[in-house]
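Asker: have a look; sequence and predicted model below, questions after that.
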Amino acid sequence: MAPTCRILVMASGNGSNFQAIIDAVADGRIPNSTIVQLVVNRGKAYATTRADNSNIPWEYFNLIAHGFQAKTDKDPESIQQARNKYDAALAKKILESNQRPDLIVLAGWMYIFGEHFLEPISKEGIKIINLHPALPGKYDGANAIERAYDDFQAGKLEGNKTGIMVHYVIKEVDAGEPLMTREIEIQKGETLDQVKERIHAIEHQLIVKATARVSQEILASKAQ
Ligand SMILES: Nc1nc2c(c(=O)[nH]1)N[C@@H](CN(C=O)c1ccc(C(=O)N[C@@H](CCC(=O)O)C(=O)O)cc1)CN2
Ligand SMILES: NCC(=O)N[C@@H]1O[C@H](COP(=O)([O-])[O-])[C@@H](O)[C@H]1O
């Protein structure tokens, strides 16, 4: 039996990019790969329904709901300790799974990982990639599309261009080596929703292409 690349997807919301990966694994655009699990940090994430519809196991694991951080905690040091414990626990879950992934894809995962997650995962040779709706070095963090659009409206968006990237994940948010990028030129008169619609359509293509590339690289290295 041909080796397969085991993919774990992480999401926090609608999961349309997760769905793009599901569809691409099913039709072979992401060949010789299996989605072994979905992890969400928001219980009501529609991504869980998409997982159910495709018989993909999923787990809800949340910093506060699962007791790592008190909802009322405002102390930065205490919060950091809580995040470290959450990160370590999530990494342990993944590494102890009987379906340990070869690749983790962050598809709208809205939580910043610290070293307590990244280090144990990296040590086991598991790659992590992330989809981000901005170009390398621009609009790092959440709400990137909105911030680029605001700059466009203010005439400050360089060349009226923003974009999308899939990048390797490192501690510094959205600063990891880009794997694939696409430029998007915002047109005069376009509404934010119209820009978002165009970006999301291209995201679904890019996340599939990038996941396929990395999964094939992983399989090639496994074959050696
Ligand atoms: N160590 C890293 N962790 C993550 C990366 C990364 O590159 N390095 N990418 C992000 C995804 N992301 C943008 O692509 C992103 C997601 C979330 C946030 C953020 O501000 N999160 C807040 C909570 C926000 C919320 O709950 O609504 C937080 O974690 O405190 C910034 C960037 C995934 N993780
Ligand atoms: N900083 C990370 C980030 O902003 N990610 C963005 O979350 C959305 C998830 O959509 P989805 O839940 O429909 O896949 C996507 O637009 C993705 O680029």
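Answerer: Structure's in. What do you need? Numbering: from 1, shown residues only. Ligands and ions are numbered 1, 2, ... in the order given.

Asker: which single residue of the chain ends up nearest ligand 2?
Answerer: Gly108 (2.5 Å; CB to the nearest ligand atom). Bear in mind the C-beta positions are built from the backbone N, C-alpha and C, glycine included.

Asker: run through the bridge partners of the spatially most central residue of the chain.
Answerer: Centroid-nearest residue in the chain, with CA atoms, centre = their mean: Leu106, separated by 1.5 Å. Beta-bridge partners recorded for Leu106 (DSSP bridges): Met10, Asn130.

Asker: regarding this protein, what is its longest helix?
Answerer: When the chain is parsed with DSSP state H, its longest helix is helix 192-223.

Asker: any idea of the mean pLDDT in that one?
Answerer: On average, the pLDDT along helix 192-223 is 97.

Asker: chain center to that helix: distance?
Answerer: 10 Å (CA atoms, centre = their mean, to the nearest Å).

Asker: number the chain from 13, please
Answerer: New numbering, starting at 13: the last item is helix 204-235.

Asker: against which helices or strands is that helix packed?
Answerer: In terms of contacts (3 or more CB pairs under 8 Å, 6 or more residues apart in numbering; DSSP states H and E), helix 204-235 is packed against strand 17-23, helix 28-39, strand 45-52, strand 115-118, strand 139-144, helix 156-165, strand 173-180, strand 190-197.

Asker: the ones you listed: which one's closest to ligand 1?
Answerer: Of the helices and strands packed on helix 204-235, nearest to ligand 1 by CB to the nearest ligand atom is strand 139-144, at 3.6 Å.

Asker: CA atoms only: put that closest one into PDB for me.
Answerer: Only the C-alpha atoms of strand 139-144 are listed here, as PDB (Å, rounded to 0.1, in the frame of the first residue of the first chain):
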ATOM      1  CA  LYS A 139       5.700  20.600   9.600                       C
ATOM      2  CA  ILE A 140       3.200  23.300  10.300                       C
ATOM      3  CA  ILE A 141       1.900  25.600   7.600                       C
ATOM      4  CA  ASN A 142      -0.500  28.500   7.900                       C
ATOM      5  CA  LEU A 143      -2.800  30.400   5.500                       C
ATOM      6  CA  HIS A 144      -2.700  34.100   5.900                       C
END
